[in-house]
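Enquirer: sequence plus predicted model, see below.
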Amino acid sequence: MSEADGEARPRRLVSVAAAQLSMAAISPPQQGDAVSGLTQAIAGVGSAVAPELPGAPWPEEPRPDDAWAVAVDAESGWYVLLSQDCDIVDDDEPTVQIAPLVMLSDDRWQILHKGGYSSRYFAYPDDKFVSSEGLRPAVDLAWVTTVLKGSLGADAVRCVRPFTGPNRARFSEWLAARLGRVPFPDEIVENVLAHFDYVRNDRISKFSKAQKGGGTASIEARVVGAAQRWYARVDGRRVHILGELTGPSLAAAGFVNDEGQLDVEELTRAQNRFAASVTKRINAKAPDSGYEARITLVDLAKIPASQFREFALLIR
């Protein structure tokens, strides 16, 4: 269950801060906590199998109409609680939902972390884990499992809480958007959003590599790296894409000088270059489509609420 194809590096996570979980504790488990000692269930009918789960004990020679279920342990050994806080402690709720932590390449993790939203993967904090070099954990919603809540009290179950308040809020928003996001028409995805994603992910990758290597990324890569979230709305053949900037993210990307002043000219130049790169990609790959992208990067506090409500969180 990893995107690090062809790599033999261990994908198991070791926690440096795990503790036994207690439902009666002053601080009960919360949405987003990581837990170990559980398992996940996969069900199917007939000969259906998942290549991503090579170690799963698939049923041998099932008949076409045979329904079956198997238990599969996450390679990392860890799962993340998806259930809302109240549901976790509510005695009337007998179960909780979990999803496995899987290991992605560091480059892919950085793209997700820097606003490259995925409806399947969420870049999970790894500061309380030790993992193989080049791999980092992500929540994988392809394998959501319901487990009995009493399982959380087992001696073998351990819990870690890597999320801070802002990260927990972002995780909750992402979970809600998984099923509630606006479905963009196929032609919008094929002619605009796919090409926007390609350019954005390339710039995020370059920004992250520059940060890791101590170098300086281009202003185009820096402004994409500063974007916290992306939103979109469709107006005929014109797709408006909005990148959310914050003061701290702009400072981290080098758009704020030592006196704390924003370099507006450089920010505008960076936005224009990124927009031009996306337009160039669209024109090269879909020259006769008639679609165009209009890209704006801005602090959402400066956007009227009536205008912002027209946008949908962009998760691909």
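Expert: Nice, I can see it.
Enquirer: show me which positions of the longest strand anywhere in the chain end up buried.
Expert: When the chain is parsed with DSSP state E, its longest strand is strand 95-105. Of the residues in strand 95-105, 96-105 count as buried by neighbour count, 16 or more other CB atoms under 10 Å. Any C-beta I mention is one placed from the backbone N, CA and C, and that applies to glycine too.
Enquirer: ditto for stretch 221-234
Expert: Within stretch 221-234, the residues that count as buried by 16+ other CB under 10 Å are 221-227, 229-234.
Enquirer: out of the buried residues of strand 95-105, the closest to residue 217 would be?
Expert: Set against residue 217, the nearest of these by CB to CB is residue 105 (19.2 Å).
Enquirer: list the beta-bridge partners for that closest one.
Expert: Note on residue 105: beta-bridge partners residue 135, judged by DSSP bridges.
Enquirer: quick check: phi and psi at residue 243.
Expert: Dihedral pair for residue 243: phi -100, psi 130, per degrees, to the nearest 10.
Enquirer: rewinding a little: next helix or strand past the longest strand of the chain?
Expert: Moving toward the C-terminus from strand 95-105, the next helix or strand (DSSP states H and E) is helix 106-113.
Enquirer: that following helix packs against which elements?
Expert: strand 121-123, strand 135-140, helix 194-213 (3 or more CB pairs under 8 Å, 6 or more residues apart in numbering; DSSP states H and E).
Enquirer: now do the strands in the stretch 51-200 of the chain.
Expert: With DSSP state E, counting those that start in this stretch as the criterion, the stretch 51-200 of the chain has strands at 67-72, 78-81, 95-105, 121-123, 129-130, 135-140, 145-148, 158-160.
Enquirer: parallel or antiparallel, which strands does the second one pair with?
Expert: Strand 78-81 has the following sheet partners, assigned by DSSP bridges: strand 34-36 (antiparallel), strand 95-105 (antiparallel).
Enquirer: circling back: which one of the strands of the stretch 51-200 of the chain has the poorest average confidence?
Expert: Of all the strands of the stretch 51-200 of the chain, strand 129-130 carries the lowest average pLDDT, namely a mean of 86.
Enquirer: sorry, back to before: ok, which of the helices and strands packed on helix 106-113 comes nearest residue 161?
Expert: Judged by CB to CB, the one of the helices and strands packed on helix 106-113 that comes nearest to residue 161 is strand 135-140, at 14.1 Å.
Enquirer: pLDDT weak spots in this protein?
Expert: Along the chain, segments meeting pLDDT under 70 span 1-10, 16-27, 115-117, 315-316.
Enquirer: mind checking which residue lies nearest the centre of it?
Expert: By CA atoms, centre = their mean, the chain has its centre lying nearest to residue 122, at 2.5 Å.
Enquirer: looking at the buried residues of strand 95-105, which is nearest residue 276?
Expert: Residue 276 has its nearest neighbour among those in residue 105, at 28.9 Å by CB to CB.
Enquirer: export the strands paired with strand 78-81 to JSON lines and tack on distance to residue 142?
Expert: JSON lines is the format used below for those (distance: least, CB to CB, whole Å):
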{"stretch": "strand 34-36", "distance to residue 142": "18"}
{"stretch": "strand 95-105", "distance to residue 142": "8"}
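Enquirer: of these, which is nearest residue 168?
Expert: Across the strands paired with strand 78-81, closest to residue 168 is strand 34-36 (CB to CB), at 12.4 Å.
Enquirer: report the buried residues of whichever helix or strand comes after the closest one.
Expert: Downstream of strand 34-36, the first helix or strand assigned by DSSP H and E is strand 40-45. Residues of strand 40-45 classed as buried: 40, 42, 44 (neighbour count, 16+ other CB under 10 Å).
Enquirer: can you pull the contacts of the last one?
Expert: Remark: with contacts taken as CB atoms under 8 Å, 6 or more residues apart in numbering, residue 44 is in contact with 67-69.
Enquirer: leaving aside the residues next to it on the chain, what's closest to the residue of the chain most remote from its centre?
Expert: Relative to the centre of the chain, the most outlying C-alpha is that of residue 63, 37.5 Å out, by CA atoms, centre = their mean. Nearest residue to residue 63, sequence neighbours excluded (CB to CB, 6 or more residues apart in numbering): residue 46, at 7.3 Å.
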